[in-house]
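Participant: using only what follows, build the 3D model:
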Amino acid sequence: MLICASAASAAPALYSVDTAKSALEFVFVQAGAQNKGRFPKLTVNFNFDADNLAASRLDVAIDLAALDTGDKERDDTLRDVDLFNVAKFPQARFAATQITKTATGGYEAAGTFVLRGVTRAVRVPFTLRSATEQGRRVFYMTGKTLIKRLDFGVGQGEWKSTEGVGNDVNISFNLRLVAAS
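Facilitator: Numbering: from 1, shown residues only. Predicted coordinates:
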């Protein structure tokens, strides 16, 4: 007997990030001044089907060593043992196992964020716009969220105080995701 899988149970299509046309940025306050940085190296796997959100997934791996704030001394400090400790924890990862539609027409990805070996449940709202470019389906995913750096141990020693560096880190992203060939 041959059993055919229904369209609803088919695996959602896979989309990967076009890093040249994407941005993952963070904003934090240090000594009363707002500072901005970006993570230019990341891997994104987005399995998505708007008609089958239960099977949709989002996995983002961030190369922390590649961070760039435009200031080499600050970048080296952020990579050091008291902050990101990239020698021990070279990567941060967000893995969403649930994607839901919001009342405003956007989406929310619920999953875990791992940074410095600390895992926390995180919800990330985002919007999605689709297009067809050169015969391939493309998604533009944008959103922002806030994390508390100390919840993940980012700030040891003198950096643990929030007097010099704020605890809030705003993360924003604008990703171009292309259907896998």
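Participant: contacts for the strand or helix carrying residue 94?
Facilitator: With elements taken from DSSP states H and E, the one containing residue 94 is strand 91-101. For strand 91-101, contacts defined as Cβ atoms under 8 Å, 6 or more residues apart in numbering pick out 48, 53, 56-64, 107-115, 122, 124. The C-beta positions use only the backbone N, C-alpha and C, and glycine is treated the same way.
Participant: 6 Å - rerun?
Facilitator: Counting contacts by Cβ atoms under 6 Å, 6 or more residues apart in numbering, the residues outside strand 91-101 that touch it are 53, 56, 58-62, 64, 107-115.
Participant: give me the buried entries from those residues.
Facilitator: By neighbour count, with 16 or more other Cβ atoms under 10 Å, those hold 56, 58, 60, 62, 64, 107-109, 111, 113-115 as buried.
Participant: sort out which of those residues are in strands and list them.
Facilitator: Using DSSP state E, 58, 60, 62, 107-109, 111, 113-115 are the members of these that sit in strands.
Participant: now flag whichever of the buried ones among the contacts of strand 91-101 is closest to residue 137.
Facilitator: residue 56 (14.5 Å; Cβ to Cβ).
Participant: pretty sure that closest one sits against residue 48.
Facilitator: Yes. At 4.8 Å, residue 56 counts as touching residue 48 under the criterion of Cβ atoms under 6 Å.
Participant: next, the angle from the lengthiest strand in the chain to strand 57-63.
Facilitator: As assigned by DSSP E, the longest strand anywhere in the chain is strand 118-133. Put simply, strand 118-133 runs at 110 degrees to strand 57-63, going by axes from the mean of the first three to the mean of the last three Cα atoms, to 10 degrees.
Participant: what does strand 118-133 contact?
Facilitator: By Cβ under 6 Å, 6+ apart, the list of residues contacting strand 118-133 reads 106-110, 112-113, 138-143, 145, 151-153.
Participant: who's in contact with the most centrally placed residue in the chain?
Facilitator: The C-alpha lying nearest the average C-alpha coordinate of the chain belongs to residue 60 (Cα atoms, centre = their mean; 5.3 Å). Under the criterion of Cβ under 6 Å, 6+ apart, the contact list for residue 60 reads 44, 94.
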